[in-house]
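Asks: Provide a 3D model corresponding to the input given below.
(chains A and B)
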Amino acid sequence: MKVHTSNFKNKIKALGRQTDSKITYTINNEEVELGSENLNSVSSHYESTILKSVMKQLDVDSNIEIPIGTEINYQFGLLVGSSYEYLDFGNYIVNKVEKKEDTDSYQITCYDKMLYFMVDYQTPTISGTAITYPITIRNYINAIATHLGLTFKNASDTFANYDKQIPQELYLDANGKSLGFTFRDVLDDLSQVVAGAICISSNDKLEIRYITDTNDTIDEEYLKSINVNFGKKFGPINSIVLSRSGESDNIYLQDEDSVEENGLCEIKIVDNQIMNDNNRSEYLSDILDTLDGLEFYVNDFASTGICYYDLYDRYNVQIGNEIYSCIMFNDEINITQGLEENIHTEIPNTSETDYKHANKTDRQINQVYIIAKKNEGEIEAVVSTVNTLDQRENNNYQQVITKFDDYATTDDVVTIVNSVTQIQTDTYTKTEIDTKLIDGSVEKVVTTAGTFDENGLTIEKTNSKTKSNFNESGLSILDATGYSNEELLFAGYDEILNETIVRTKNIKVSKYLTIGNNSRIEDYEDGTGIFFIG
Amino acid sequence: MFIDKNSIIINSVNMGQYLVEAKYSYNKLWASDSGRNLAGAMTGSLIGIFPKIILQFRKLTKSELEIIVPILDSATQTLTYYDPNKKQNTTITTYTGDYEITNKYKIGTNRKNEGFSCSFISVRKRT
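Replies: Numbers count the residues shown, from 1 in each chain, chains lettered A, B, ... in the order given. As a prediction, this is how the structure comes out:
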């Protein structure tokens, strides 16, 4: 809540209030103050929801041009008694200036120093030295703030998940190049991690802001008589879901008593780069502790002007006997000649997770999930049971190998088939061989002992002393010791004698030599005996 | 409030000698946010109170009119008057409304214009 007196609160709703505006800035070492004389209108607004970073905007219609990049301070004044009481709306950076020729004025668009975070992300540096990982969430935020020239307001505070570790650079690719993230994107992720809003404080510090109970109540006198809508109550929040993989892979933590008592009301955080690994369940406890029981009324109303509520302030609106507890998420204050403030709060992006397929930790999810690792520029599909499946597949493979170990592969079979085909084509079958063996069509058989062909069976070998031939004419044994092939023995039909004979060159008979029917020659005592045996 | 002959000075010209009447009005200007709130009460921003001084001039001679008219015809004037709220003389920047000067005779050294009035309206709200 902006600093103000009770008189301010009473006067802001009163008939005949008088307002003032002043913008101060320094240019060329000279302080400049623009008052109501030169300010035609000022509009302050911001849009937020839970778990986001927030940037405030100031639109100024001025008769004086303010250079782009100038840092200005805006204060809204209300005449209280005899003097103006000013509310400090903080500092802003002039981002755009347009000349309005018709009114000869300047339309000036300004943002608070969250504007500094709208640049491409790079590894934060402190005093020119890049941070090293792992780094705690608190130190990481501090490093980002320091890198961009701001002070981290909560650098010594304990807040949700402040001590969790970021193991490595998550917003650059493996080569340290940009993936299109801005520092603002990183702050959005960090807002979810710390379960609050990240914004710029009135004194330009980077601040983690949680919902602040102001215990302040406004009534119908602060509301216009048109456009006053208070919808249903949102909450109480009792379940936090961390989701990834196109919201198919969810883990959650619930306040089960609250769920049973009030019904489910969940906040789903989707594809947060910091809470994306399999230790993400460690973040859930702090987030649920922070948000558990949070509830507020959805609203949309036009006010005659309140002005002193700040981002994330909890306040009450009393209409009749009904009191609505609300949180300042979206605010637009239009200060022209008069004053109007439009406030609205929407239902956060809610969802209903299928808890049958979600669990409390990643270790218990036994299904396929996908981690959106944007920092590596790829979607990495991970199978939680991949080891089991791998082992099972390997076992099956081994079984297959064993089963088919004695079997030929298809390639082998094809080779064999081709060979058989070739054999069938190029050689004889057994039947054909049998036939050939008996039908006389075999013309020559060569063995290691000799050759069997049309000349008969010829037995000869290199370096053997004899050579034999056996054919239809008879048996012939030749001398193979020289080149003469002198006949040693012939048994067969002599064509000259026209009779069958046995003819030999030398013959040795060991006991009897019988000739015809009557004669025998043999050894006789120490001599030779020729006997008649007829 | 006209308390003495020096109570109205415009562009350093003491108007007391030319006037027969001065009317002071203090007009409230309400902003566009004025209206009734949800409780039914009137609410709204008062942009401010803008003093308006209507001066009734006596019949003026030619030379007197030649002093006054350039003041009336200028875009803005610096007017000092006695503010009873502040209980002191106050200087404001004003602009003038339309004025009409009636002549029934030839205007000369002795013949005068008819009397006329003109409004001086503060550019800024009374602070």
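
Asks: Tell me which residues touch B:L46, please.
Replies: A:15-18, B:28-31 (CB atoms under 8 Å, 6 or more residues apart in numbering or on different chains). Bear in mind the C-beta positions are built from the backbone N, C-alpha and C, glycine included.

Asks: For stretch A:36-49, list every residue counted as buried.
Replies: A:36, A:38-40, A:42-44, A:46, A:48-49 (16 or more other CB atoms under 10 Å in any protein chain shown).

Asks: From the residues you listed, which land in strands?
Replies: Under the assignment DSSP state E, the buried residues of stretch A:36-49 contribute A:39-40, A:42-44, A:46 to strands.

Asks: Please tabulate those residues in JSON lines, including the columns distance to chain B.
Replies: JSON lines is the format used below for these (distance: CB to the nearest CB, whole Å):
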{"residue": "A:L39", "distance to chain B": "14"}
{"residue": "A:N40", "distance to chain B": "13"}
{"residue": "A:V42", "distance to chain B": "14"}
{"residue": "A:S43", "distance to chain B": "14"}
{"residue": "A:S44", "distance to chain B": "16"}
{"residue": "A:Y46", "distance to chain B": "21"}
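
Asks: Taking those residues, tell me the two that lie furthest apart.
Replies: The span of those, defined through CB to CB, is set by A:N40 and A:Y46 at 21.6 Å.

Asks: Quick one: name the residues of chain A near chain B.
Replies: With CB under 8 Å from any CB of the partner chain as the criterion, chain A meets chain B at residues A:13-19, A:37, A:219-225, A:228, A:304-305, A:319, A:336-340.

Asks: List only buried entries from those.
Replies: Looks like the residues of chain A next to chain B have A:13-14, A:17-19, A:219-224, A:228, A:304-305, A:319, A:336-340 buried, using 16+ other CB under 10 Å.

Asks: Mind checking which of those residues land in helices?
Replies: If you go by DSSP state H, these have nothing in helices.

Asks: Those residues in strands, which ones?
Replies: A:17, A:19, A:223-224, A:228, A:319, A:339-340.

Asks: Now tabulate those in a markdown table and tack on pLDDT.
Replies: Formatted as a markdown table, these follow (pLDDT from 0 to 100):
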| residue | pLDDT |
| --- | --- |
| A:R17 | 91 |
| A:T19 | 91 |
| A:L223 | 92 |
| A:K224 | 89 |
| A:V228 | 87 |
| A:I319 | 91 |
| A:L339 | 92 |
| A:E340 | 93 |
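
Asks: List just the nearest of the residues you listed to chain B.
Replies: Comparing these against chain B with CB to the nearest CB places A:L223 closest, at 4.1 Å.

Asks: give the contact list for the nearest residue to A:K233 once chain neighbours are set aside.
Replies: Distance criterion CB to CB, 6 or more residues apart in numbering or on different chains; nearest residue to A:K233, sequence neighbours excluded, is A:Y297 at 5.3 Å. When contacts are counted by CB under 8 Å, 6+ apart, A:Y297 touches A:230-234, A:317, A:324-326, A:345.

Asks: got the residues of chain B near chain A?
Replies: B:28, B:31-48, B:124.

Asks: Which ChimeraX command selects the buried ones in the residues you listed?
Replies: Command for ChimeraX, covering only those of the residues of chain B next to chain A found buried under the criterion 16+ other CB under 10 Å:
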select /B:31,33,34,37,38,43,44,45,46,47,48
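
Asks: Which ones among the residues of chain B next to chain A map onto strands?
Replies: Among these, the ones falling in strands (DSSP E) are B:28, B:35-36, B:42-48.

Asks: and the two most separated of these?
Replies: Pairwise over these, using CB to CB, the maximum falls at B:R36 and B:G48, 21.6 Å.

Asks: What segments of chain B are strands?
Replies: Using DSSP E, strands in chain B cover B:9-10, B:13-14, B:19-30, B:35-36, B:42-57, B:77-83, B:88-96, B:116-122.

Asks: What pairs with the longest one, parallel or antiparallel?
Replies: The partner list of strand B:42-57 in its sheet, established with DSSP bridges, is strand A:15-17 (parallel), strand B:19-30 (antiparallel), strand B:35-36 (antiparallel), strand B:116-122 (antiparallel).

Asks: Now do it and strand B:88-96, the angle between them.
Replies: 90 degrees (axes from the mean of the first three to the mean of the last three CA atoms, to 10 degrees).

Asks: Can you name the next helix or strand after whatever helix or strand A:A145 lives in?
Replies: Assigned by DSSP states H and E, A:A145 belongs to helix A:137-147. Sequence-wise, the next helix or strand downstream of helix A:137-147 (DSSP H and E) is strand A:165-166.

Asks: From the contact count, pick out the helices and strands touching the helix or strand following that following strand.
Replies: Under the assignment DSSP H and E, the closest C-terminal helix or strand after strand A:165-166 is helix A:183-194. Other helices and strands packing on helix A:183-194, by 3 or more CB pairs under 8 Å, 6 or more residues apart in numbering or on different chains; DSSP states H and E, are helix A:137-147, strand A:197-200, helix A:281-291.

Asks: Please work out the average pLDDT along the shortest one.
Replies: The predicted model assigns strand A:197-200 a mean pLDDT of 96.

Asks: Show residues contacting the next helix or strand after that strand.
Replies: Counting by DSSP H and E, the next helix or strand C-terminal to strand A:197-200 is strand A:206-209. With CB under 8 Å, 6+ apart as the test, strand A:206-209 has contacts from A:141, A:144-145, A:150-154, A:157, A:159, A:194, A:196-201, A:311-312.
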